[in-house]
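> Predicted model follows, preceded by the sequence.
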Amino acid sequence: MDINFNKNEDYNKLLASDLKNRLVKVKLGGGKSSIEKHKAKGKLTARERISYLLDDNSKSIEIGAFAGDNMYAEHGGCPSAGVVVKIGYIKGKQCIVVANDATVKAGAWFPITGKKNLRAQEIAIENKLPIIYLVDSAGVFLPLQDEIFPDKEHFGRIFRNNAVMSSMGITQISAVMGSCVAGGAYLPIMSDEALIVDKTGSIFLAGSYLVKAAIGESIDNETLGGATTHCEISGVTDYKALDDKDALDKIKNIIDKIGDFDKAGFSKKEAFPPKEKEDDIFGILPKERNAQYDMLEIIKRLVDNSEFDQYKEGYGKTILTGYARIDGWAVGIVANQRKLVKTKKGEMQFGGVIYNDSADKATRFIANCNQKKIPLVFLQDVTGFMVGSKSEHGGIIKDGAKMVNAVSNSVVPKFTIIIGNSYGAGNYAMCGKAYDPRLIIAWPSAELAVMSGNSAAKVLLQIETASLKKKGEKITPEKEAELFNKIKDRYDKQISPYYAAARIWTDAVINPLDTRTWISMGIEAANHAPIEKQFNLGILQV
């Protein structure tokens, strides 16, 4: 191993360690004091409920762990958006579980909470996965009600999705394990089956204080909407549970009886680990953002037996395309090659840049995978499309549009891994969030932005200095350097993978060594939903 490998390894392992520490902090939810108060009521925490519900020693992946990260500081923060979402296995069946975290502002819904819940439902709808809601929420966070209540993608969309999933035959089960008030009361009752925990669970459109204020009736919350009321008088709920574990056991028994699902039919064979050492990823991935490296070496450490059958290997070399298996599942991989390559004409092409020929090659490969019903995996480390007169005269806009067209109209499931740079139109062409990947995840080394921090800071610096000069200020070299660093620091915060994850532009920031698990579980989920559309590029200029 050379010295650069060791430097890269140290740097990337520190990033992975930082990720681990951030996750530990996030998993504390509202903090130790809030957790103690919650458990004093005889309740499990959201994470404990999910852990008990999922099969022992089974794999799971968490969606949106960093949602809300460093947001809403003026309101005390909202770790994990106040809701925990995991895809895992219950009685051997893959499901998605959504659990309100009542240690965070009593499980109140912030704007990002709504967005995260909608993302969970989107995953359930796309993959036809059973979804379980573990409800423990005080309802909408009133100081921010205007950002979560009335719009199309706000709180009300949750119930619309409940109805849509019901019509699609997607199993929905709810357990009311704490508060469930106002509009939120519709969620469990729009599920197929609803459970409520005795003495701690309650459902009502208005609590006892509001009832007293509105109509003058004096009544306690338990009599108004507790387990006995809804299981024996109103018939709103279907099962009464003695405590949290009893409710979760009942859910397990319901899931255990669900029949099998129609398969999409993606190819699956015996799984094999990569032959190349997976841990080498940390040394191969460079510390410097503009450094060149061979993406093929990364791919060999992600795919079964390190076997990758390249498509058009000698053409369009700044994008690698080819077939492989990940945990036994057949996949088509589209990856940005990050090393300097030479064309047959002897010209050099920069790694990480999409050229005319590489865009053309990727378009053809994406079409082939749709024809063969092979899920697509995009490995992003891209600075954008090639610019300049030669590219423009060669029709780079048209070739780029073809690639975007193919990604947009692809009917096989797509999975996007942001390894390094994810800049500008390169993000779009390589299946960014706007192009409906089933899952989109980032490594700690990822950056998402219109352009790099250095480039953006230089552009913004020119604008800033021009504005100051118009006001008569003298810009010294020292002042210019100070301005540049200030602008770059602000921009760098916005291109961090954690900034993106906080806003659910990605589903997670993960350790690179967990990539195979995410892709494998993602394809298994997608296999629940047979492909119903034909691949069609529509009008495509050739």
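Yes, it's here.
> Looks to me like residue 94 is in a strand.
Yes - counting by DSSP: H, G, I helix; E, B strand; the rest coil, residue 94 falls inside a strand.
> ok, so what distance separates it from residue 369?
Separation of residue 94 from residue 369 (C-beta to C-beta, to the nearest Å) stands at 23 Å. Using the backbone N, CA and C atoms, a C-beta is placed for each residue, glycine as well.
> So between the two, which is more surrounded?
Using other C-beta atoms under 10 Å, the more surrounded residue of residue 94 and residue 369 is residue 369, with 25 against 20.
> measure the spatially most distant residue from the centre of the chain to residue 462 for me?
Here the chain reaches farthest from its C-alpha mean at residue 472, the gap being 47.6 Å by C-alpha atoms, centre = their mean. Taking C-beta to C-beta as the criterion, residue 472 is separated from residue 462 by 18 Å.
> what does residue 357 give?
33 Å.
> neighbour-wise, which of these two wins?
residue 357 (19 against 10).
> secondary structure class for the residue farthest from the centre of the chain?
Applying three-state DSSP: residue 472 is coil.
> Just the pLDDT at residue 106, thanks.
Looking at residue 106, its pLDDT reads 91.
> Can you get me a residue count around it?
19.
> I figured it was touching residue 140, is that so?
No - using C-beta atoms under 8 Å, residue 106 makes no contact with residue 140, being 11.5 Å away.
> how close does residue 264 sit to residue 275?
For residue 264, the distance to residue 275 - C-beta to C-beta - is 29 Å.
> show me what contacts residue 109?
82, 117, 137, 139-141, 148, 155, 184 (C-beta atoms under 8 Å, 6 or more residues apart in numbering).
> surely residue 312 meets residue 361?
Yes - counting by C-beta under 8 Å, residue 312 touches residue 361, with 4.9 Å between them.
> Where does the nearest residue to residue 58 once chain neighbours are set aside fall, secondary structure wise?
Excluding the flanking residues, the one nearest residue 58 by C-beta to C-beta, 6 or more residues apart in numbering is residue 89, at 4.4 Å. Element membership of residue 89, judged by DSSP states H and E, is strand 83-90.
> Run me through the strand neighbours of that strand, direction for each.
strand 61-63 (antiparallel), strand 93-100 (antiparallel) (DSSP bridges).
> can you list contacts of it?
46-47, 50, 53-55, 58-64, 94-101, 107, 113, 116-117, 119-120, 123, 129, 132, 251-252, 255-256, 521, 525.
> switch to 7 Å and redo it
Residues outside strand 83-90 that contact it (C-beta atoms under 7 Å, 6 or more residues apart in numbering) are 46-47, 50, 53-55, 58, 60-64, 94-101, 113, 116-117, 120, 252, 255, 521, 525.
> same question, stretch 110-122
63-64, 67-68, 71-72, 78, 81-83, 85, 96, 98, 131, 141, 144, 147-148, 153-155, 157-158, 161, 504.
> Now residue 45, what are its backbone angles?
phi -80, psi 170 (degrees, to the nearest 10).
> Equivalent analysis for residue 323, please.
Dihedral angles (degrees, to the nearest 10) for residue 323: phi -110, psi 150.
> any weak-confidence spans in this structure?
Scanning the chain for pLDDT under 70 picks out 1, 183, 453, 539-542.
> ok, so what distance separates residue 464 from residue 457?
10 Å.
> Run a quick neighbour tally on residue 197.
Neighbour tally, residue 197, other C-beta under 10 Å: 27.
> So what sits opposite it in the bridge?
According to DSSP bridges, beta-bridge pairing links residue 197 with residue 241.
> State the distance from it to residue 206.
For residue 197, the distance to residue 206 - C-beta to C-beta - is 21 Å.
> Tell me the buried residues within the contacts of stretch 110-122.
63-64, 67-68, 71-72, 78, 81-83, 85, 96, 98, 131, 141, 144, 148, 154-155, 157-158, 161, 504 (16 or more other C-beta atoms under 10 Å).
> Just the buried ones from the contacts of strand 83-90?
Here, 16+ other C-beta under 10 Å leaves 46-47, 50, 53-54, 60-64, 94-101, 113, 116-117, 120, 252, 255, 521, 525 buried among those.
> Could you check which helix or strand contains the closest residue in space to residue 59 that isn't next to it in sequence?
Among residues not flanking residue 59 along the chain, residue 517 sits closest, at 5.9 Å (C-beta to C-beta, 6+ apart). Taking DSSP H and E as the definition, residue 517 sits inside helix 515-526.
> Please name every helix or strand in contact with that helix.
Packing partners of helix 515-526 (3 or more C-beta pairs under 7 Å, 6 or more residues apart in numbering; DSSP states H and E): strand 61-63, strand 319-326, strand 414-423, strand 439-442.
> now the next helix or strand after the second one and helix 515-526, what's the angle there?
Beyond strand 319-326 in the direction of the C-terminus, DSSP H and E gives the next helix or strand as strand 329-336. With axes from the mean of the first three to the mean of the last three C-alpha atoms, to 10 degrees applied, the angle from strand 329-336 to helix 515-526 works out at 120 degrees.
> Name the surrounding residues that touch the following helix or strand past strand 329-336.
Using DSSP H and E, the helix or strand that follows strand 329-336 in sequence is strand 341-342. For strand 341-342, contacts defined as C-beta under 7 Å, 6+ apart pick out 317-318, 348-349, 351.
> how far does stretch 464-476 stretch from start to finish?
End-to-end span of stretch 464-476 (C-alpha to C-alpha, to the nearest Å): 13 Å.
> Closest to residue 392 out of the contacts of strand 341-342?
Of all those, residue 392 sits closest to residue 349, with 15.9 Å by C-beta to C-beta.
> isn't the closest one right up against residue 339?
No - counting by C-beta atoms under 7 Å, residue 349 does not reach residue 339; the two are 9.9 Å apart.
> Settle it for me: which of these two has more neighbours?
residue 349 (20 against 17).
> and the more buried one, what are its bridge partners?
residue 341.
> what's the answer for residue 439, then?
residue 415.
> Tell me if I'm right that it and residue 510 touch.
No - taking contacts as C-beta under 7 Å, residue 439 lies outside contact range of residue 510: 10.2 Å.
> Now do the shared contacts for those two.
residue 518.
> Beyond the helix or strand encompassing residue 487, next helix or strand please.
Here residue 487, judged by DSSP H and E, is contained in helix 477-494. Using DSSP H and E, the helix or strand that follows helix 477-494 towards the C-terminus is helix 497-502.
> on that earlier part again, restricted to buried residues, select the contacts of strand 341-342 in PyMOL.
Command for PyMOL that selects the buried part of the contacts of strand 341-342, burial taken from 16+ other C-beta under 10 Å:
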select buried, resi 317+318+349+351
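> could I get the contacts of strand 341-342 as JSON lines with distance to residue 412?
What follows is the contacts of strand 341-342, written out as JSON lines (distance: C-beta to C-beta, whole Å):
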{"residue": "317", "distance to residue 412": "25"}
{"residue": "318", "distance to residue 412": "23"}
{"residue": "348", "distance to residue 412": "34"}
{"residue": "349", "distance to residue 412": "28"}
{"residue": "351", "distance to residue 412": "27"}
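> of all the contacts of strand 341-342, which comes closest to residue 410?
When the contacts of strand 341-342 are compared for distance to residue 410 (C-beta to C-beta), residue 318 wins out at 20.7 Å.
> Spit out the contact partners of that closest one.
Contacts of residue 318 by C-beta under 7 Å, 6+ apart are 336-337, 341, 349, 351, 353-355, 358.
> any idea how far it lies from residue 78?
41 Å.
> Equivalent analysis for residue 215, please.
34 Å.
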